[in-house]
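Engineer: Need a 3D model of the sequence below.
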Amino acid sequence: MKKSTAFAALLAMAAPVAVLADDDDKPGFGMAGLLSAGNKEDLPPVILSAGMPLADAPWELKSGTYYEFEIQGDGSQELALIGPEFFRAIWIDEIVVEGLEIRPLGLDSIEFDEAGEMEIGFVAIKPGSYYLKVPGSTGETQRLEITIK
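Structural biologist: Now for the predicted structure:
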């Protein structure tokens, strides 16, 4: 009796392995859930240029959605963006600068000393109202309002 139980247990463990090894036609594990292509949206770029608006319109984001956007600096002036509350309400997947991928644990601000471009990929997490803005500025065009629903 014990031999047949042990044999049945071994057979049960080996069967799925044999089925998986023989079934090359089925797709393997891939990206799913939050990082799947169906859950990704591109946002309009943020433009860092002296005296120009950061964006055309406020962003309305959905919690749990993966977003990517570019920040483009034209080098007309040293300009930074701050938004610590926003950066703590999202999970940053990566920041790409000239092909270099950075995966930070967090972010407080960024600064462009010269012309350049970066791309940020993130998942919106915490619902609320946030902003990105040029530090020290008071104009509405130097502030991007962001809502996470």
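
Engineer: Okay, now the unreliable bits of this protein?
Structural biologist: Scanning the chain for pLDDT under 70 picks out the ranges 1-36.

Engineer: Nearest residue to the middle of it?
Structural biologist: Phe122 (1.6 Å; Cα atoms, centre = their mean).

Engineer: before we move on, which element is it in?
Structural biologist: Assigned by DSSP states H and E, Phe122 falls within strand 116-124.

Engineer: That strand packs against which elements?
Structural biologist: Applying 3 or more Cβ pairs under 8 Å, 6 or more residues apart in numbering; DSSP states H and E, we find strand 116-124 packed against strand 66-73, strand 90-97. No exception for glycine: its C-beta is placed from N, CA and C like everyone else's.

Engineer: out of those, deepest packed?
Structural biologist: Ranked by mean neighbour count, these are led by strand 66-73 with a mean of 18 (mean count of other Cβ atoms under 10 Å).
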